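In: quick one: sequence and predicted model below, then my questions.
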Amino acid sequence: MVKQVDVIVIGMGVGGEAVAESLAGEGLSVVGIEGRLVGGECPYWGCIPSKMMIRAADLIAETRRVDGIAGTATVTPDWSPVAIRIRDEATTNWDDAIAVKRFTDAGGEFVRGWAKLTGPGQVEVDGQAFEADKGVVIGTGTTPVIPPIDGLADTPYWTNRDAVETTTVPDSMIVLGGGAIGLELAQAFSRFGANVTVVEAADRLLPPEEPESSALARQALEADGITVHTGSRAERVEHDGHTFTVATADGKSLTAEKLLVAVGRRVDLSTLGVDTLGLDPKARNLTVDEFMRAGEKLWAVGDVTGHGAFTHVATYQADIAVADILGRSTPGADYRALPRVTFTDPEIGAVGLTESQAREQGLEVATASAQIPSTARGWIHKAGNEGFIKLVVDTEREVLVGATSAGPNGGEVLGALTVAVHGEVPIGRLKHMIYAYPTFHRGIQDALRELP
Ligand SMILES: Cc1cc2nc3c(=O)[nH]c(=O)nc-3n(C[C@H](O)[C@H](O)[C@H](O)COP(=O)(O)OP(=O)(O)OC[C@H]3O[C@@H](n4cnc5c(N)ncnc54)[C@H](O)[C@@H]3O)c2cc1C
Ligand SMILES: NC(=O)c1ccc[n+]([C@@H]2O[C@H](COP(=O)([O-])OP(=O)(O)OC[C@H]3O[C@@H](n4cnc5c(N)ncnc54)[C@H](O)[C@@H]3O)[C@@H](O)[C@H]2O)c1
């Protein structure tokens with residue numbers, strides 16, 4: 001028998017959970033279907049546990065900066081409080097009972113299983129059939145890319161999930177991929193004593209970001225004792241029962257106890273039944289319009305849409321999809337001021353376009369920057385003050401179209417720059433406002449002074 005409801009949500013990760021809970025709270029009959037854990041990657045294997053690891057690792061690094069500023073300090077790193085915190089506080093031992101209850105308390109119906117579209121508004125999960133009057137929302141996220149490297153598939157390599165679940169720190173670790181996941185986890189494990197090597201195929205770390213960000217990330221990792229190989233592609237992987245050996249195309253042979261694969265994420269539409277709606281199951285993502293509509297009676301939110309694999313994108317899109325489904329007017333999605341922060345120490349935050357992206361778009365571009373150690377607050381801060389602020393200006397419109405804020409609290413300083421890009425605040429207004437002294441964000445004013 002087919003159960004008739006208002007809305008079906010497939011994938012109750014960050015985006016799907018937000019949509020399902022809001023619509024149920026509005027009194028719609030909503031079925032939420034999740035194959036793993038309600039909440040998705042972010043709370044169980046992503047943002048939250050990784051940031052707990054980073055918070056602990058940063059405390060260790062700060063302690064090491066005491067000498068010469070505040071006396072002397074020694075620190076004995078211990079992973080067990082981190083592992084316990086991830087188990088007890090972040091994930092309740094990877095149990096989603098609280099999240100399921102939150103949804104059902106809001107009036108939703110929860111089904112555990114792997115769902116498939118069978119037609120417009122139609123979904124099947126483990127032999128149960130549902131039909132949605134209003135529509136289906138897809139929030140199925142991504143999975144780690146496992147590249148077709150000779151030998152890799154047969155080895156016990158780690159993904160972010162193993163790294164988050166580990167109760168011990170390996171003696172040594174090779175990290176494949178110098179993106180956000182690779183760098184954040186490389187630095188955290190290194191600060192807890194692992195001997196870490198990062199292997200990045202591109203010629204610099206964090207390739208989509210400013211080259212200055214790549215250089216800073218490399219300098220910070222190397223200062224932590226991490227070995228960084230860029231322009232280096234793994235060609236063959238072996239595991240002898242104890243040790244990984246990675247042979248790279250440029251002739252290196254690297255060995256370590258663990259191998260973390262962090263070379264990106266992929267959307268898999270092949271088993272979702274999107275072909276029943278005339279969509280391509282081999283597509284790289286589900287294409288959505290500005291209101292998150294992906295097809296007939298179909299909306300999509302989060303990583304699956306390909307607009308940036310970030311929790312803040314998933315929740316932003318969820319709000320728009322909810323309004324659209326409810327027939328309420330809402331501004332459509334606008335990604336001009338998309339912020340992202342790599343939570344290394346120093347934090348590397350960026351919003352909008354990089355300089356090269358702005359030039360590729362044909363804009364008349366001017367840039368300006370300030371070095372954090374030369375700002376008043378950076379100079380006071382001393383040890384651990386590395387970083388910079390870079391502004392990317394569209395000189396025709398005299399507004400910021402992008403910016404990078406790297407340094408201590410770089411992600412927080414990014415807030416002001418995000419408002420400036422999003423609000424298209426004229427450069428003249430930014431120049432003639434008051435910046436609290438001596439804050440890190442006052443570095444924005446130092447950079448603005450470089451502009452004519
Ligand atoms: C290590 C790591 C650190 C990260 N750190 C940050 C960070 O600091 N800040 C940030 O903004 N982002 C971060 N991210 C990214 C963030 O986790 C994702 O962008 C976010 O989880 C995307 O949400 P989503 O709802 O699109 O997908 P997901 O959270 O991936 O949820 C999708 C859900 O759908 C379920 N599902 C899939 N197919 C089906 C099906 N057919 N039927 C039923 N259920 C299905 C899955 O089981 C999953 O639970 C991090 C990611 C990782 C891996
Ligand atoms: N702080 C955050 O907001 C945060 C943290 C972690 C993850 N995320 C999200 O998750 C996404 C995925 O993270 P990620 O780090 O896995 O992907 P990524 O795409 O950001 O980085 C992957 C890196 O691996 C490199 N690479 C690809 N193939 C390779 C190979 N065979 N050998 C060596 N290097 C190779 C790429 O050049 C790239 O630099 C991010 O893009 C981001 O959207 C966000």
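Out: Okay, I see it. Note that the coordinates shown come from a computational prediction; the quantities given were computed from them, not determined experimentally. Residues are numbered from 1 along each chain as shown. Ligands and ions are numbered 1, 2, ... in the order given.

In: state the helix or strand in which the residue in the stretch 351-452 of the chain positioned nearest to ligand 1 lies.
Out: Nearest to ligand 1, among the residues of the stretch 351-452 of the chain, is residue 411, at 9.2 Å (CB to the nearest ligand atom). For the C-beta atoms, the positions are set from N, CA and C on the backbone; glycine is no exception. Taking DSSP states H and E as the definition, residue 411 sits inside helix 410-422.

In: what packs against the helix or strand just after that helix?
Out: Once the chain leaves helix 410-422, the next helix or strand it forms, by DSSP H and E, is helix 427-431. Taking 3 or more CB pairs under 8 Å, 6 or more residues apart in numbering; DSSP states H and E as the contact definition, the neighbouring helices and strands of helix 427-431 are strand 399-407, helix 443-448.

In: neighbouring contacts of helix 427-431?
Out: When contacts are defined by CB atoms under 8 Å, 6 or more residues apart in numbering, helix 427-431 is touched by residues 393, 398, 399, 400, 420, 444, 445, 448, 449, 451.

In: about what we covered before: as a markdown table, the helices and strands packed on helix 427-431 with mean neighbour count, mean pLDDT and distance to ligand 1 would be great.
Out: Written out in a markdown table, the entries for the helices and strands packed on helix 427-431 read as follows (neighbours: other CB atoms under 10 Å; pLDDT from 0 to 100; distance: least, CB to the nearest ligand atom, whole Å):
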| stretch | mean neighbour count | mean pLDDT | distance to ligand 1 |
| --- | --- | --- | --- |
| strand 399-407 | 27 | 98 | 16 |
| helix 443-448 | 22 | 98 | 23 |
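
In: could I get those as a markdown table with distance to ligand 2?
Out: Listed next are those as a markdown table, based on distance: least, CB to the nearest ligand atom, whole Å:
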| stretch | distance to ligand 2 |
| --- | --- |
| strand 399-407 | 13 |
| helix 443-448 | 21 |
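
In: adding distance to residue 309, write these out as CSV.
Out: Shown next, in CSV, are those (distance: least, CB to CB, whole Å):
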stretch, distance to residue 309
strand 399-407, 19
helix 443-448, 27
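
In: quick check, nearest of the contacts of helix 427-431 to residue 169?
Out: Distances from residue 169 to the contacts of helix 427-431, taken as CB to CB, are shortest for residue 444 (37.7 Å).

In: how about the residues of the protein by ligand 1?
Out: Contact residues (CB under 6 Å from any ligand atom) of the chain with ligand 1: 10-11, 13-16, 33-37, 40-42, 46-47, 50-51, 114-115, 139-142, 160, 181, 272, 302-304, 309-312, 314, 343.

In: tell me the angle of the helix holding residue 411 relative to strand 399-407?
Out: Helix 410-422 and strand 399-407 are oriented at 180 degrees to each other (axes from the mean of the first three to the mean of the last three CA atoms, to 10 degrees).

In: what sits closest to the residue of the stretch 201-350 of the chain found nearest ligand 1 if chain neighbours are left out?
Out: In the stretch 201-350 of the chain, the residue found nearest to ligand 1 is residue 302; the distance is 2.1 Å by CB to the nearest ligand atom. With sequence-adjacent residues excluded and distances taken as CB to CB, 6 or more residues apart in numbering, residue 302 is closest to residue 15, at 3.1 Å.

In: pretty sure the one you found belongs to a helix, no?
Out: Yes: applying DSSP: H, G, I helix; E, B strand; the rest coil, one finds residue 15 inside a helix.

In: what's the next secondary structure element after the longest helix anywhere in the chain?
Out: For the chain, the helix reaching the highest residue count under DSSP state H is reported as helix 47-63. Following the chain from helix 47-63 toward its C-terminal end, the next helix or strand by DSSP H and E is helix 80-85.

In: and the helix or strand just after that following helix, what other elements does it pack with?
Out: As assigned by DSSP H and E, the chain's next helix or strand after helix 80-85 is helix 97-105. Helices and strands touching helix 97-105, by 3+ CB pairs under 8 Å, 6+ apart, are helix 14-25, strand 109-112.

In: show me what contacts the closest residue to the residue of the stretch 351-452 of the chain closest to ligand 1 other than its chain neighbours?
Out: Taking CB to CB, 6+ apart as the measure, residue 411 lies nearest to residue 341, with 3.7 Å between them; neighbours along the chain are not counted. Remark: with contacts taken as CB under 8 Å, 6+ apart, residue 341 is in contact with 347, 348, 349, 350, 410, 411, 414.

In: good, we can wrap up now.
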